[in-house]
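A.B. asks: Sequence and computational prediction follow.
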Amino acid sequence: MRKLPLLFIAALMVAVAPLSAQSEQITVRFWQIFSDARFDWVNRIAEEFEAMYPNINIEPRAFGSYEELIDQYTLAREQGNHPELAMIFEVGTQFARDTGWFKSIAVAIDGREEILGQPTDLSDIIAPVASYYVLDGSFTSMPWASSSPIMYANMDMLVELGLASSVEDVDALPKTWQELEAACEVVLAAGKDGCITWPNHGWFFEQWVAQQNETLVNNGNGRQGRATEVNLTSDAAINVASWWQEMYNKGYYLYTGVQRDWNGTTQALAADRVPFILTSSAGVRGITDAAKERGVTVRTARMPYDGEVGWTGNMIGGGTIWLTDGLAPEVEDAALAFLLYMVNTENAASWHQISGYLPIRESSIALLEEQGWFEANPNFRIASDQINNSTVTPATSGALFGTFIPTRDLVTQAMEDLMLVGGDPAAVLAEAEADANLLLAEYNLLNE
Amino acid sequence: MSPLLITLVAALVGALLLARGFARSQRPPLMGALLGAIAGAIGPQIFMVPIEYCSLEPENHVFFQLIILNQPIIVNAVLVLTFILIAIGVWALLLLFDRAHDQIHRTGHLLPTLDMPHGAFRGWGAMPWLLLAPTLIVLLLFTYYPALNTLTLSTQLARLGVPRTAPVCLNNFATLITGPRQNAEYYILSEMPPDVRARGAAELPNQFVLVGWRNAAYMDSLSTSLFLSFFIVLFANVFGLLIALASYQPVKGARIYRTLLIWPYALSAVVSGVVFYNLFNPITGIINYTLGLVGIPGVRWLLEPSIAPWVVVFAATWNVLGFNLLFYIAGLQNVPKDLLEAAAIDGANVFQRFWTITIPMLSPFIFFLIFTNLTYSFFDLFGLIDNLTTGGPSRATTNLIYDIYVTGIQNKDLGRAAAQSLVLLLIVIGLTVAQFRLLGRRVNYGA
């Protein structure tokens, strides 16, 4: 009992200590979705930044997925302990705009040349990224992690099956749906129980619809005015669903049974269950390295398209960073300076190298070329090529509508039903479209 | 229909019902009629005044199709709900008035008097409240306030992350029956057309069903919930008891074995979901791999809507088995040896002893475990489903609690999710009451 007063004083000191430190320190909480080597990169950049600005604390936090992060931000918002910076995926763009929770990056920069010494120039952000995120004439959120879906192929397996002459024979990789089906026929004939897989995620469906230059919502894909109708019954959309269902029915497409299963599909390639997978270019680093470790060559190719319709282009995917509105000026500047530092020419290039996300600045691409990066690492070039060769149209700029996230789930569910239960793609998509339109009508009712 | 008319009719019905009830129990029927009329007049207002009788407005109505004996009828789900709510309100008040009057009639007091001397709290009058305050504050803040909020939310069109809301009357409840797009069809003793999503739909002829439905996703979740709960409770108790009996035999090392058996319970539903996902995963699953080693083709455990629910039942049973074992082993230790010995001397065989002595002695445990397993399978199952099947394949393992998550969090539809929560609450209350009525009487708590 004699020790009690001492304990009390100690407790008091512990409680007061952070208070006195906080008064001079600025803390910027940064929520993002990576928890692997890419999170290490974020932490390293944060530490570098903190070393330059001793009065600023960057607190990165990792979440399981974009969906989880946006839900957690929404809930944190209601409790008033939301972060200063939040990474939101491209399909959440309209939702984020409508909430009024965020301040446009351009408005926050407010014409300044630099913020705390960090240059504010965003003019050399590559066009496909800019076309997605420049809304009302300026960047509303900070572009950072932009990717594109690409194909990964186990070259050793293909050589073994006679589908490629050597492990470097990337020209032999299928470019169209038709070429892919022909290759799959060979793969299955050789006794494999699957040929290709990709996550059952709306992203892939949307990409294939955009490849055929078809929009997902009306009003110029929601870019000329608020979208009021979802179009899941276009010829292009039915074409995608029919092809996907057929790929499954023929045993070519291996379904992991879990929706939005990014890990399972990557595992299928790593476990030699299939020679091909489609997934985000953001996995180039991880997938290539993992293959190399087990003595297998994995090479990448562009996402196959319907050879009978042709290819207009692919969209980007991934996340941008949104700045919470209503911050104290010094906190807002600290957050902005950190963002500008994280996506400067050198860091954007290094981010590409450790992940496979697109180098989002022209100057970063120039820097990487200068270093001979793409010659030495050809797998990293594919996504940039795919995006930079795309024709920018309303379809390939990507759709904007407030219920994009739940609509994706409807598409995912429709695809799962088409595969596991069967049915007519046009009829199943018509059901999903009607559900999606009701969602959008209700959302618009509350947001007009 | 107007609120006034409804009130008058309800008062009339209430008066008639209670007058008859009073006449039967030799109480003045006129008094019954008066009390019944008051109850009938107030009853409808309990639910209708808070929603301002909005369910009578035609713009709030939603419909579904009911096909009985191949005769289609269009039913107004909101009016049906209104009728049910009014009936519940009137019934509750009638019951209350009847009981109160009966009490006064028999004892002369409204509240039952105790023969025991009253205990009194000495000292400052506010003291008891002060001592209760921590509990009360927590209850108010974290239970009653959110519950009240859920009630408000359930009558609104509200989306997560959208500050504005719009009143939708009883629509969130009614559309659970009609489907959000009002295209639900219910078949009773009728021919049901094949579902558009059914495999090979074009070739299938109409099928005669006792009860069937289409486009009513909530009914799918409800039936999935009942299916999963029934089998989890059944298996967890049957196997729990059998294994407890086996491990209770006096064998060397039985104590260690018993301890090991309880381990699965130490894992949360989430962890067992992850474990079982890795076992049954169609691509890298250990079970299919092992089957392949001995030449048996893999089973599409999580890909077949008819198989996946059984995987969930299996995983959940495994998860709660340890808990049940713990109680059954403890229960078996409480079965008096002398009773069993006496029965054995009287010539009862093993099964007779088990059935007439062990089971009745275990009945409090069985009753308790059925209740806790039921709660587990209605609520805690969420973590398992989210990690094992994410409600799939094709919603085959989406139960009520998972549906609330999908609706409220994934689809961000807070209003409908709130309505679903309330319905789930009512279902669980209903099941509990039914259980106490049906099983509670048979429970033998001993002397």
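C.D. replies: Sure thing, it's come through.
A.B. asks: Which strands and helices lie in contact with the least confident helix or strand in chain B by mean pLDDT?
C.D. replies: For chain B, using mean pLDDT, DSSP states H and E, the weakest element among its helices and strands is helix B:254-262, scoring a mean of 81. On a contact count with 3 or more C-beta pairs under 8 Å, 6 or more residues apart in numbering or on different chains; DSSP states H and E, helix B:254-262 meets helix B:217-247, helix B:308-334. For every residue, glycine as well, the C-beta is placed using N, CA and C.
A.B. asks: how about that helix: buried residues?
C.D. replies: Judged by neighbour count using 16 or more other C-beta atoms under 10 Å in any protein chain shown, the buried positions of helix B:254-262 are B:258, B:261, B:262.
A.B. asks: Now do the second one against chain A, distance only.
C.D. replies: This points to residue B:261. Distance from residue B:261 to chain A, counting by C-beta to the nearest C-beta, to the nearest Å: 30 Å.
A.B. asks: So which of the helices and strands packed on helix B:254-262 is the most surrounded?
C.D. replies: For the helices and strands packed on helix B:254-262, average neighbour numbers computed from mean count of other C-beta atoms under 10 Å in any protein chain shown are highest in helix B:308-334, which has a mean of 20.
A.B. asks: what is the mean pLDDT for the following helix or strand past that helix?
C.D. replies: Later in the chain than helix B:308-334, the nearest helix or strand by DSSP states H and E is helix B:337-345. The average pLDDT within helix B:337-345 is 87.
A.B. asks: by contact count, what packs against the helix or strand following helix B:337-345?
C.D. replies: The element immediately downstream of helix B:337-345 (helix or strand, assigned by DSSP H and E) is helix B:350-353. Contacts defined by 3+ C-beta pairs under 8 Å, 6+ apart place helix B:350-353 against helix B:337-345.
A.B. asks: Buried by neighbour count: which residues of the helix it packs on qualify?
C.D. replies: residue B:340.
A.B. asks: how about it as PDB, C-alpha atoms only?
C.D. replies: Included here for helix B:337-345 are C-alpha records, laid out as PDB according to Å, rounded to 0.1, in the frame of the first residue of the first chain:
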ATOM      1  CA  LYS B 337     -24.400 -43.300  -9.300                       C
ATOM      2  CA  ASP B 338     -26.800 -44.900  -6.800                       C
ATOM      3  CA  LEU B 339     -29.800 -44.200  -9.100                       C
ATOM      4  CA  LEU B 340     -28.000 -46.000 -12.000                       C
ATOM      5  CA  GLU B 341     -27.000 -48.900  -9.700                       C
ATOM      6  CA  ALA B 342     -30.500 -49.200  -8.400                       C
ATOM      7  CA  ALA B 343     -31.900 -49.300 -11.900                       C
ATOM      8  CA  ALA B 344     -29.300 -51.900 -12.900                       C
ATOM      9  CA  ILE B 345     -30.200 -54.100 -10.000                       C
END
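A.B. asks: Which pLDDT does the model give residue A:283?
C.D. replies: So residue A:283 comes in at 88 (pLDDT).
A.B. asks: Next, count neighbours for it.
C.D. replies: Using other C-beta atoms under 10 Å in any protein chain shown, residue A:283 has 23 neighbouring residues.
A.B. asks: Make JSON lines from the helices and strands packed on helix B:254-262 and add distance to chain A and mean pLDDT to it.
C.D. replies: Listed next are these as JSON lines, based on distance: least, C-beta to the nearest C-beta, whole Å; pLDDT from 0 to 100:
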{"stretch": "helix B:217-247", "distance to chain A": "10", "mean pLDDT": "92"}
{"stretch": "helix B:308-334", "distance to chain A": "8", "mean pLDDT": "91"}
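A.B. asks: For residue B:159, find the nearest of the ones you listed.
C.D. replies: Counting by C-beta to C-beta, residue B:159 lies closest to helix B:217-247 out of the helices and strands packed on helix B:254-262; the figure is 18.5 Å.
A.B. asks: between the closest one and helix B:254-262, how many degrees?
C.D. replies: 170 degrees (axes from the mean of the first three to the mean of the last three C-alpha atoms, to 10 degrees).
A.B. asks: For the stretch 251-400 of chain A, give me the ranges with low pLDDT.
C.D. replies: Within the stretch 251-400 of chain A, no stretch has pLDDT under 70.
A.B. asks: For it, what lies in contact range of chain B?
C.D. replies: With C-beta under 8 Å from any C-beta of the partner chain as the criterion, the stretch 251-400 of chain A meets chain B at residues A:254, A:255, A:256, A:257, A:258, A:259, A:264, A:267, A:268, A:271, A:273.
A.B. asks: just these now: which is nearest chain B?
C.D. replies: residue A:257 (4.1 Å; C-beta to the nearest C-beta).
A.B. asks: Where does the nearest residue to that closest one once chain neighbours are set aside fall, secondary structure wise?
C.D. replies: Leaving out its chain neighbours, the residue that sits closest to residue A:257 by C-beta to C-beta, 6 or more residues apart in numbering or on different chains is residue B:302, at 4.1 Å. Assignment of secondary structure by DSSP H and E places residue B:302 within no helix or strand.
A.B. asks: Contact partners for residue B:302?
C.D. replies: Residues in contact with residue B:302, defined by C-beta atoms under 8 Å, 6 or more residues apart in numbering or on different chains, are A:257, A:258, B:277, B:280, B:281, B:282, B:308, B:311, B:388, B:389, B:392, B:393.
A.B. asks: next one: phi and psi at residue A:102?
C.D. replies: The phi/psi pair for residue A:102 (degrees, to the nearest 10) reads phi -120, psi 150.
A.B. asks: What of the one 10 residues further on?
C.D. replies: With angles defined as degrees, to the nearest 10, residue A:112 sits at phi -70, psi 140.
A.B. asks: Now for the contacts of residue B:302, which sits with the most neighbours around it?
C.D. replies: Highest count within those by other C-beta under 10 Å belongs to residue B:388, 31 neighbours.
A.B. asks: All good on my end, thank you.
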